[in-house]
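Visitor: Sequence and predicted model, in that order:
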Amino acid sequence: MDVLSHLADGFAVALTWQNLGLALIGCLLGTVIGALPGLGPSNGVAILIPLAFTLGLPATPALILLTSVYYGAMYGGRISSILLCIPGDEPALMTTLDGYPMTKKGQAGEALALSGIASFVGAFFATWGLVFLAPQLVGIALLFGPAEYFALFTLAFATLGGVAARNQAKAAIAAALGLGIAMIGVDHQTGVPRLTFGDIHLYDGINFLIAIVGLFAISEVFLFLEHRNETRPEGSEVKLGRITAPLSMLKQTSGSMARGTIVGFLAGVLPGAGASLGSFIAYTIEKRLKNKSDTFGKGDPRGVAAPEAGNNAAAGGALVPMLALGVPGSGTTAVLLAMLMALNITPGPLLFTQRPDVVWGLIAALFIGNIMLLLLNVPMVGLFVRVLQVPSKYLMPAVAMISFVGIYGISGSTYDLLVMIVFGVLGYVLRKLDVPLVPVILGILLGNEMEKNLRRALTISDGDLQILWGSPLAITIWALVLIGLAAPFILGRYVRPKKDASVAP
Amino acid sequence: MSDRMLGVACVVLAAFYIFFATRIQIGFMSDPMGPRAFPILIGIVLALAGLYPILRPDPEPDWPDLSRMLEIVFAVAVMIAYTYALPEIGFTVSTTIAAGLLSWRLGAHPIKAGVAGLVIAVGIFVIFRLILKLSLAIGPWGF
C-alpha cells in the first residue's frame, strides 16, 4: 500500500525527541486553551502562530506544535462544558446538554473519562479517513485549472457559514471586507501599488497574522471588559470521584461513538460545515434514534459520547479539503491555513507531491497527538480543572500581552501593533453586530490567490468571460455555490444550533 | 438602528473603495483584466451586501452602557500608549503598567492588579526572552 509507506515515512519524520516534545507541549497548551472559557481553538492557535513563527521553527516542527494545540483545544473544550456548563468553544456546546446533568448526578469523573475516550475514538478514525481520502481528492484537484480554482474559492466563501448561517448578507459583508483588505499593497502581476494612499508601510500589504490576532484575541479582551467583576467559575466544589468510565458504560456508548464519528467526519469533509455542525448533527441523530425512555438531556452518557466523537471527527475531517485543495471548511481550519501560509507552505494538490515530508509528518503527528491527549487527559484532568479557576481579570491581560509580544516579534514595528489594535476594535464591533469574523480572515488569506486565478483564467482566454464556466467541473462547482447560498434559507431552521453569545468563535 | 448604520457604513466604504480602485495606475504592460477590476468587483459586492441590513435590520445588539463603553475606550488608549512606550522604556516596565491597568479595569483590586501586571511581565520576559530567545522591545535599561 502506497499510502501506508508514506505514513511510515511520516512517522519517521515525527518521531524525533524534539518533535515529540513539541507535540507534548502543544497538547498541554491546547487542552488548557480549550478549557478556558473565552479561548477556543481559533483564538488559541491565532495567538500562537506568530510565536511559532518568530521562534524560527522549521515547517514540520511548527506544524506539529500548532496542530497539537488545535487537537488539544478540541479535547479541552469539553472540560468546562461538563463541569461548569460553560462551553469552552462552539463545538463543545452540545456536550453541555448531557455532560452537565451527569456532573449534577455526581458522575463528573465518568463523564470526563467517557468524553475523553469518545474524543479519542472520533479523532483517531477521522485521521485514518484523512489518510485515505486526502490523496484521492488530490487526484481530482490536479484537474483544476485557474477558472476552476476561482470557482472553488467562491464556493469556500458561499458555504463557510454552513447551512446553519444566520444572515448571508452579513457573511458577504465580512467576505468583502476581508477581500478588500487583501487587495491593499503592491499588485503581484503588474507591480503597481493599490489602495496604499502612498503610505510606505502598506506597500507590502497587511500581514494576515496581525489581522487574525487583532480580530480574535484583542477583541476578546474588549468583550470581557463589558462586564465588571466577572463571576468566578465555581468548579472547585465539584467532586471528581474516580476518573474512569466503567466498561458497561463504554459498551453502552460504543454505538453512539461509531455513529458520531461517521457523521462528524462527513460533516467535517463537506465544505461549510465544520466541527460545530458535526457535534450538533451527531447529537441530534443520537437523540432521534435512542431517546426511547426520555433520558437525553438528563445525563445520558450516550449524549456525551456522540457529540464529542462527532466534534473531534469533524476536526479531522475538516483537514481533508484544507490540505488537499487549500480551501478551509471551517473557522479553525482557516486559522490553520494562515499558519501554513506563514510558514511559506501553500496547501493544495502540489503539497502532497512537493512536500510529502510536511503532509505525512503532520498526519503522523496527529496520531501521536491523539494518543498523548488520551494518556494526558484521563489521569491529569484534575490539573486542568484547577486551571479553569484562573479568573478572567488576570487571564485576559496576559492574553493581550502575549498577543503584543507575538506581533512585535514578527517585525519589531510599532506600526504593526497599532494596526493590530485597530483590528481588535473592528473585531469587537463586528462581533457585536453579529457579523462573522471567519469570512474576513478567509478573505484576507485567499484574496490574492483568488484574484490571481481569475486573472490567469482571463489571460488564457484573452478576456473571454466564458472560460469561467467553460468546463463540466467548473459548472459543477458553480452549481454547488448556488446550492450553498440557497441552503440556509431552505434547510437552515432544521439544523441551526441555538446561539450562545458567550462562546468564542 | 445599529444594523442600518452598518449597512450605510458599508455602502459609503464601498463607494470610496471603488473610487480609489478606479484611480489605480495601469502600467503599459497588463493582463486583459488589469489591477482595477477585482477591487471594483469587491466594492460592488460590499455595497450590495450593505443594502440588506439597511432594508431588513436584525434586532438591536446588546450594547454595553456608556460607562462600560468608556472602559473599552480606556483599554484601547492603554494599548496605544503601551505601543508607543515599548521602545522608550522597555518591555518589562511598560508591560507591567499596561497589564496592571487592564487587570484593574477588569475588576481586580488595584494592588493585586499591580502584582498581576508584574507577574505577567516578568513571566513573559523569562519564558520568551530568556528561554526562547525571542526579540522583545529593549528599553534604555536592557529589559
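Guide: All right, it came through fine.

Visitor: Determine how far the strand or helix carrying residue B:122 lies from the middle of the whole chain.
Guide: With elements delineated by DSSP states H and E, residue B:122 resides in helix B:110-124, which encompasses its position. For helix B:110-124, the distance between its averaged C-alpha position and the chain's averaged C-alpha position is 23 Å (Cα atoms, centre = their mean, to the nearest Å).

Visitor: elements contacting it?
Guide: When contacts are defined as 3 or more Cβ pairs under 8 Å, 6 or more residues apart in numbering or on different chains; DSSP states H and E, helix B:110-124 sits against helix A:392-411, helix B:91-105. Any C-beta I mention is one placed from the backbone N, CA and C, and that applies to glycine too.

Visitor: what's the angle between the shortest one and helix A:392-411?
Guide: Which is helix B:91-105. For the pair helix B:91-105 and helix A:392-411, the angle between their directions (axes from the mean of the first three to the mean of the last three Cα atoms, to 10 degrees) equals 150 degrees.

Visitor: Going by neighbour count, which residues of the top helix by length along chain A are buried?
Guide: Longest among the helix segments of chain A by residue count, using DSSP state H, is helix A:108-141. Residues of helix A:108-141 classed as buried under the neighbour-count rule (16 or more other Cβ atoms under 10 Å in any protein chain shown) are A:108-127, A:129-131, A:133-135, A:137-138, A:141.

Visitor: center of the chain, which residue is that?
Guide: If you meant another chain, say so; for now it's chain A. By Cα atoms, centre = their mean, chain A has its centre lying nearest to residue A:332, at 1.7 Å.

Visitor: so how far is chain B from it?
Guide: Distance of residue A:332 to chain B, given as Cβ to the nearest Cβ, to the nearest Å: 25 Å.

Visitor: Shouldn't that residue be within a strand?
Guide: No. Under DSSP: H, G, I helix; E, B strand; the rest coil, residue A:332 falls outside any strand and is assigned helix.

Visitor: That one is in contact with residue A:315, isn't it?
Guide: Yes. Counting by Cβ atoms under 8 Å, residue A:315 is a contact partner of residue A:332 at 7.2 Å.

Visitor: To residue B:24, which of the helices and strands packed on helix B:110-124 lies closest?
Guide: Comparison of the helices and strands packed on helix B:110-124 against residue B:24 by Cβ to Cβ identifies helix A:392-411 as nearest, at 26.0 Å.

Visitor: how about the very next helix or strand once past that closest one as PDB, C-alpha atoms only?
Guide: Proceeding C-terminally, helix A:392-411 gives way to helix A:414-432 as the next helix or strand, assigned by DSSP H and E. Extracted as PDB, the C-alpha positions of helix A:414-432 are listed here (Å, rounded to 0.1, in the frame of the first residue of the first chain):
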ATOM      1  CA  THR A 414       5.100  50.000  16.400                       C
ATOM      2  CA  TYR A 415       3.100  50.400  13.200                       C
ATOM      3  CA  ASP A 416       2.100  46.800  13.200                       C
ATOM      4  CA  LEU A 417       1.000  46.900  16.800                       C
ATOM      5  CA  LEU A 418      -1.300  49.900  16.000                       C
ATOM      6  CA  VAL A 419      -2.800  48.000  13.100                       C
ATOM      7  CA  MET A 420      -3.500  45.100  15.400                       C
ATOM      8  CA  ILE A 421      -5.300  47.400  17.900                       C
ATOM      9  CA  VAL A 422      -7.400  48.700  15.000                       C
ATOM     10  CA  PHE A 423      -8.300  45.200  14.000                       C
ATOM     11  CA  GLY A 424      -9.200  44.500  17.700                       C
ATOM     12  CA  VAL A 425     -11.700  47.300  17.700                       C
ATOM     13  CA  LEU A 426     -13.000  46.300  14.300                       C
ATOM     14  CA  GLY A 427     -13.400  42.700  15.600                       C
ATOM     15  CA  TYR A 428     -15.300  43.900  18.600                       C
ATOM     16  CA  VAL A 429     -17.700  46.000  16.600                       C
ATOM     17  CA  LEU A 430     -18.300  43.200  14.100                       C
ATOM     18  CA  ARG A 431     -18.900  40.600  16.800                       C
ATOM     19  CA  LYS A 432     -21.400  42.900  18.500                       C
END
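
Visitor: Would the helix or strand following helix A:414-432 count as contacting chain B?
Guide: The element immediately downstream of helix A:414-432 (helix or strand, assigned by DSSP H and E) is helix A:438-460. Yes. In terms of Cβ under 8 Å from any Cβ of the partner chain, part of helix A:438-460 sits within range of chain B, namely A:451, A:454-455, A:458-459.

Visitor: Tell me the buried residues in the helix or strand following helix A:438-460?
Guide: The element immediately downstream of helix A:438-460 (helix or strand, assigned by DSSP H and E) is helix A:472-495. Of the residues in helix A:472-495, those with enough neighbours to count as buried (16+ other Cβ under 10 Å) are A:473-474, A:477-478, A:480-481, A:484-485, A:487-488, A:492, A:495.

Visitor: Also stretch B:53-63?
Guide: B:53-54, B:57.

Visitor: that older thread, which stretch in the helices and strands packed on helix B:110-124 has the least confidence?
Guide: Comparing mean pLDDT across the helices and strands packed on helix B:110-124, the lowest value falls on helix A:392-411: a mean of 87.

Visitor: what angle do that helix and helix A:414-432 make?
Guide: Using the same axes, to 10 degrees, helix A:392-411 lies at 130 degrees relative to helix A:414-432.

Visitor: So is helix A:392-411 next to chain B?
Guide: Yes. Part of helix A:392-411 sits near chain B under the criterion Cβ under 8 Å from any Cβ, namely A:392-394, A:396-398, A:400-402, A:404-405, A:408-409.

Visitor: Any chance of JSON lines for the residues you listed, columns neighbour count?
Guide: Conversion of the residues of helix A:392-411 next to chain B to JSON lines gives the following (neighbours: other Cβ atoms under 10 Å in any protein chain shown):
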{"residue": "A:392", "neighbour count": "24"}
{"residue": "A:393", "neighbour count": "23"}
{"residue": "A:394", "neighbour count": "20"}
{"residue": "A:396", "neighbour count": "25"}
{"residue": "A:397", "neighbour count": "30"}
{"residue": "A:398", "neighbour count": "20"}
{"residue": "A:400", "neighbour count": "29"}
{"residue": "A:401", "neighbour count": "24"}
{"residue": "A:402", "neighbour count": "21"}
{"residue": "A:404", "neighbour count": "28"}
{"residue": "A:405", "neighbour count": "24"}
{"residue": "A:408", "neighbour count": "24"}
{"residue": "A:409", "neighbour count": "18"}
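
Visitor: Before I go, just wanted to say thanks for your time.
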